[in-house]
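Participant: Following is a predicted model, sequence given first.
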Amino acid sequence: MEISRGVKRGAMGVLAAFLILASSIFTYAEDGTDSKTVQTAEKTDDSKVVLLSIEDAIEEAIKNSDAVEISNLELETKTIELKEAKNNEKNYRDSDYSPGTVQGIQLGSKFFSTAADYALEEEAIKQKKTVEDIKYSTTNAYYGVLNAKSALDAAIDNLDNSKRSHEIVSKKYELGVVSKSDLLIAQYSLDEAVASMENAQNFYKNATMALDMIIGRPLDTELELTSTYAKEGFSADIKTDIQTAYDSRLDVKQMQHGYELAKLDFETNSVKYTSNTFVYKKKELAAKKAEQSLDDLKLNVEFDIKQKYNEITTKKRNIEIKNAALEKAKEALRLTELSYDAGYKTILDVREARNTLYYAQLGYDSEVSQYNLSIIDYNKAVNIGGN
């Protein structure tokens, strides 16, 4: 079964909807696996499960991406345009003839080859951005599957606990030591746990299909993910990173090139037009506006980097809070179950404590996801820019 590459883009919508409920997005820079080869594992029903590391997933997604192919064609086009501009300028210089026009002056001053060279440089950065976007989306999907599996495991644990609790309450009811309402509540909790587990199964299937689509595999491919996730380490030098952003971000490069071309355009026009002409004044103002726009952009870039750095700091602190809440919920459930067995708590108390633990676990996983995503966003903002 072969998936149309155009259809793959629909995976992003499916994935985005899924991640609202179970987001887990982590940096792709580190991986706990050594193997670079996609492997398969035999199942008892003769079907095959693909063993997939995050590195393999990213490699497949890049290889099967239309966007990368288009980017390669764009890069080749810009290379040809640069050669063409240089050739035209060479022919003009070799002709020993100057028509005295602005175009002729610009040919002599390498205006067109400079513009083409800038366009080629920008296209190369765009290609890097395309690849990084694919890495981001694939990482997003990969860890979305891991998080969905974690949520499914938590739902299964919750179901097991509900079954155990139901059995205990049933036995106590038979012995006449608990009321019928306790039994009904235990049954309701069990039914609720079954429904939660079934929902978690559906979310896991959707997340797996989204990953299959992004990497270009048939939607019914069964995957066993071999990479794991955890809270990533983070350290940064704000001043150094801001300077790096000035030197490498696509939006800054584009603005810098625009300013340089505006200056060159003004200089070449000023050869023909005097300072009292409208053309001269308009070209001069265009160069000044380009310079001001570049200064404004740099200030926005600095704000963007610092804001994302602060977001990481906040999310890291939130993880500590969520982890404390998770540990507290675990202990609260243990004590509540003991108190219930001793007759000091009701079955409603047990149900509430179990639900608190369930959502505390999901909340912690989500916070770790958001933290790791913010690290990806920060690194992308520093090195490439864009959303």
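Facilitator: Perfect, thanks for sending it.

Participant: residues in contact with Glu121?
Facilitator: Going by Cβ atoms under 8 Å, 6 or more residues apart in numbering, Glu121 touches 253, 257. Where you see a C-beta, it was placed from the backbone N, CA and C, and this is true even at glycine.

Participant: any idea which helix or strand carries it?
Facilitator: Per DSSP states H and E, Glu121 falls inside helix 111-175.

Participant: Let's test this: mean pLDDT of that helix, rounded?
Facilitator: Per-residue pLDDT values over helix 111-175 give a mean of 87.

Participant: Likewise for stretch 191-204?
Facilitator: Rounded mean pLDDT across stretch 191-204 is 93.

Participant: Restricting to C-alpha, output it in CSV.
Facilitator: Extracted in CSV, the C-alpha atoms of stretch 191-204 (Å, rounded to 0.1, in the frame of the first residue of the first chain):
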residue,chain,number,x,y,z
ASP,A,191,-17.4,1.1,33.9
GLU,A,192,-15.8,4.5,33.8
ALA,A,193,-12.3,2.9,33.8
VAL,A,194,-13.3,0.6,30.9
ALA,A,195,-14.5,3.6,28.9
SER,A,196,-11.3,5.5,29.7
MET,A,197,-9.2,2.6,28.6
GLU,A,198,-11.1,2.3,25.3
ASN,A,199,-10.7,6.0,24.6
ALA,A,200,-7.0,5.7,25.3
GLN,A,201,-6.8,2.8,22.8
ASN,A,202,-8.4,5.0,20.1
PHE,A,203,-6.1,7.9,20.8
TYR,A,204,-3.1,5.5,20.6
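
Participant: Give me the contacts around that stretch.
Facilitator: Stretch 191-204 is contacted from outside by 18, 21-22, 145, 148-149, 151-152, 154-156, 158-159, 161-163, 358, using Cβ under 8 Å, 6+ apart.

Participant: Drop anything exposed from those.
Facilitator: The neighbour count (16 or more other Cβ atoms under 10 Å) marks 18, 22, 145, 148-149, 151-152, 154-155, 158-159, 161-162, 358 as buried among the contacts of stretch 191-204.

Participant: Specify which member of those residues is nearest to Glu284.
Facilitator: Glu284 has its nearest neighbour among these in Phe18, at 54.1 Å by Cβ to Cβ.

Participant: How far off centre is the helix holding Glu121?
Facilitator: Mean-position distance between helix 111-175 and its chain equals 9 Å (Cα atoms, centre = their mean, to the nearest Å).

Participant: can you count the residues close to Ala325?
Facilitator: Neighbour count for Ala325, taken as other Cβ atoms under 10 Å: 18.

Participant: what's the helix or strand for it?
Facilitator: Under the criterion of DSSP H and E, Ala325 resides in helix 278-341.

Participant: Just to check, Ala186 is in contact with His166?
Facilitator: Yes: counting by Cβ atoms under 8 Å, Ala186 does reach His166; the two are 4.5 Å apart.

Participant: neighbour-wise, which of the two wins?
Facilitator: Shown here are Ala186 and His166; by other Cβ under 10 Å, Ala186 has more neighbours (25 against 20).

Participant: Format the buried ones among the contacts of stretch 191-204 as CSV; extra columns: distance to Glu291.
Facilitator: Shown next, in CSV, are the buried ones among the contacts of stretch 191-204 (distance: Cβ to Cβ, whole Å):
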residue, distance to Glu291
Phe18, 46
Ala22, 48
Val145, 48
Ala148, 50
Lys149, 53
Ala151, 52
Leu152, 56
Ala154, 56
Ala155, 58
Asn158, 61
Leu159, 65
Asn161, 66
Ser162, 67
Tyr358, 57
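
Participant: Closest to Gln254 out of these?
Facilitator: Taking Cβ to Cβ as the measure, Gln254 lies nearest Phe18 of the buried ones among the contacts of stretch 191-204, at 34.2 Å.

Participant: helix/strand/coil for Lys231?
Facilitator: coil (DSSP: H, G, I helix; E, B strand; the rest coil).

Participant: wait, what's in contact with it?
Facilitator: For Lys231, the contacting residues are 319, 368, 371-372, by Cβ under 8 Å, 6+ apart.

Participant: That one and Asp182, how far apart?
Facilitator: Distance, Lys231 to Asp182, by Cβ to Cβ, to the nearest Å: 40 Å.

Participant: coming back round to it: ok, of the contacts of Lys231, which one's closest to Gly216?
Facilitator: Using Cβ to Cβ, Asn372 is the member of those that lies nearest Gly216, at 24.6 Å.

Participant: Quick one: neighbours of that closest one, just the number.
Facilitator: Using other Cβ under 10 Å, Asn372 has 25 neighbouring residues.

Participant: re earlier: pLDDT check: weakest of the contacts of Lys231?
Facilitator: Asn372 (82).

Participant: pretty sure that one contacts Glu232?
Facilitator: Yes: using Cβ under 8 Å, Asn372 is in contact with Glu232, at 5.2 Å.

Participant: okay, Ile3: pLDDT?
Facilitator: Looking at Ile3, its pLDDT is 46.
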